[in-house]
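Asks: mind looking at a prediction? Sequence and model below.
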Amino acid sequence: MKREFKVYYDLTDNITFHGEAVNGQAHGYGISYYCAGHVSYKGQYTRGCKEGWGTSYHLETGAIQYRGEWKNNCYHGQGSLFNEAGELIYQGRFHWNKPVDYYRAYRLVNGRLIKVDSVSDGYHTLYYPDGTKYYEGELRKNRFSGFGIRYRNDGSKEYAGHWAHGLRHGRGKSFYPSGVLEYDGQWDQDEWEGRGQSYYENGNIKFDGMFKQGRPFGIGKMYHENGKLKYTGYFEADHFPSTGKEYYPSGVLKYAGSFNWGPRGYYGPRFYREGRLYYESGELWYEGTFKGHPFKRVFAEGVEYNKDGTIKCHHHD
């Protein structure tokens with residue numbers, strides 16, 4: 001059952017949200033506010049997230065920032081984007097906050113930058129208002145389609161590869177603002193999907209294998225930032241639900257066995273399940289099962305060894 005709901009910032013009388021709610025979450029029509037009291041958003045909510053039709057506002061001027069469709073707190077669907085002066089800078093489709101049609105696009109005509117509302121199908125070069133190259137490649141029905149290169153406003157290359165319906169789709173490469181390769185592989189609707197390799201900003205490989213919705217998924221290899229192998233085995237959304245091997249930054253085998261589930265980005269002993277753990281010098285340290293603990297390694301049922309190979313103790317859960 002929907003009820004009227006108000007939320008205030010801590011230690012102030014300033015309201016942060018006023019609208020409909022279900023089970024303590026914004027659900028239905030509502031208005032959210034900046035800390036200073038200005039309206040930040042008016043529109044529909046679903047289970048605490050902006051979803052449906054809504055309008056957001058700039059903090060400093062109070063002018064409309066975006067008006068259109070939302071999904072999970074992101075611009076998603078048809079919408080219009082405005083600058084702080086209230087001028088329309090883009091109107092069209094959005095996909096997770098990103099404009100799908102070309103954005104703030106200008107063409108160079110007789111030495112002058114001319115803003116364009118539509119272009120013919122084919123190969124084109126588009127620019128930002130300041131003359132910096134924005135996109136170079138194929139367009140179809142006013143959307144990036146085919147092979148093309150998109151640039152950031154500072155002139156650095158952002159993506160080079162294939163597009164479909166305005167989204168990165170097929171084989172392509174993305175780059176850090178520094179120009180270093182970030183990802184090289186398959187894309188599906190603007191996300192890493194399929195076979196690919198991701199890289200650290202220092203240029204060393206980070207992951208080589210399969211991706212699903214932008215995350216490692218399936219058989220693959222993950223590397224330390226120094227380029228040494230870190231983990232090899234089966235991934236599922238960055239978790240270790242199966243068997244694999246983990247390595248020290250030096251490249252020496254650290255653990256071989258099965259893993260429990262762990263949060264994304266975490267590697268360590270509390271997610272070891274059953275296997276062999278090794279000292280960094282290469283000798284067997286422990287063989288058996290492990291108990292999960294948030295801060296330390298806990299041996300369960302197994303045998304712990306000294307570096308010289310003699311038994312140190314037997315562990316019993």
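Replies: Received it, and whenever you're ready, just let me know what you need.
Asks: and the residue nearest to the spatial centre of the chain, how far from residue 258?
Replies: Nearest residue to the geometric centre of the chain (C-alpha atoms, centre = their mean): residue 214, 6.8 Å. Relative to residue 258, residue 214 is positioned 26 Å away (C-beta to C-beta, to the nearest Å). In this view, the C-beta of every residue, glycine as well, is placed from N, C-alpha and C.
Asks: who does the closest residue to residue 161 other than its chain neighbours bridge with?
Replies: Leaving aside its sequence neighbours, residue 161 sits nearest to residue 172 (C-beta to C-beta, 6 or more residues apart in numbering; 2.0 Å). Bridge pairing for residue 172 (DSSP bridges) gives the partners residue 161, residue 185.
Asks: so residue 172 is in contact with residue 157, correct?
Replies: No. The pair residue 172 / residue 157 is not scored as a contact, 11.5 Å apart, by C-beta atoms under 8 Å.
Asks: which one of these two has more residues nearby?
Replies: Set residue 172 next to residue 157 and count neighbours by other C-beta atoms under 10 Å: residue 172 wins out with 22 against 18.
Asks: re the thing from before, contacts only, for the residue nearest to the centre of the chain.
Replies: The contact partners of residue 214, taken as C-beta atoms under 8 Å, 6 or more residues apart in numbering, are 191-193.
Asks: at 6 Å what do you get?
Replies: Remark: with contacts taken as C-beta atoms under 6 Å, 6 or more residues apart in numbering, residue 214 is in contact with 191-192.
Asks: same question for residue 189.
Replies: Listed by C-beta under 6 Å, 6+ apart, the contact set of residue 189 reads residue 167.
Asks: could you measure from it over to residue 126?
Replies: Separation of residue 189 from residue 126 (C-beta to C-beta) stands at 22 Å.
Asks: got it, and residue 71?
Replies: Using C-beta to C-beta, residue 71 is found at 27 Å from residue 126.
Asks: over to the residue nearest to the centre of the chain: give its phi and psi.
Replies: Backbone geometry at residue 214, expressed as degrees, to the nearest 10, gives phi 80, psi 0.
Asks: so what pLDDT did it get?
Replies: Residue 214 is assigned a pLDDT of 84 by the prediction.
Asks: surely residue 83 and residue 89 touch.
Replies: Yes. Counting by C-beta atoms under 6 Å, residue 83 does reach residue 89; the two are 5.4 Å apart.
Asks: burial count for residue 121?
Replies: 13.
Asks: quick check: it touching residue 140?
Replies: Yes. Between residue 121 and residue 140 a contact is recorded at 4.9 Å, counting by C-beta under 6 Å.
Asks: and the strands in the stretch 51-200 of the chain, which stretches?
Replies: Per DSSP state E, counting those that start in this stretch, the stretch 51-200 of the chain carries strands over the ranges 64-71, 74-82, 88-95, 98-99, 106-109, 112-115, 122-127, 133-140, 143-151, 157-164, 167-175, 181-188, 191-199.
Asks: cool, and the stretch 201-317 of the chain?
Replies: 205-212, 215-223, 229-236, 243-247, 253-259, 272-278, 284-291, 298-305, 311-315.
Asks: what strands line up against the fourth one, and which way round?
Replies: Each strand that pairs with strand 243-247, with its direction, by DSSP bridges: strand 229-236 (antiparallel), strand 253-259 (antiparallel).
Asks: pLDDT on the first one, on average?
Replies: The pLDDT scores in strand 229-236 average 83.
Asks: what's it in contact with?
Replies: So strand 229-236 is contacted by 216-217, 219-224, 242, 244-247 (C-beta under 6 Å, 6+ apart).
Asks: next, format the residues you listed as a markdown table and append neighbour count and distance to residue 254.
Replies: Converted to a markdown table, these look like this (neighbours: other C-beta atoms under 10 Å; distance: C-beta to C-beta, whole Å):
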| residue | neighbour count | distance to residue 254 |
| --- | --- | --- |
| 216 | 26 | 19 |
| 217 | 20 | 23 |
| 219 | 13 | 19 |
| 220 | 20 | 18 |
| 221 | 20 | 15 |
| 222 | 22 | 13 |
| 223 | 22 | 14 |
| 224 | 17 | 11 |
| 242 | 13 | 17 |
| 244 | 21 | 11 |
| 245 | 17 | 8 |
| 246 | 25 | 5 |
| 247 | 22 | 6 |
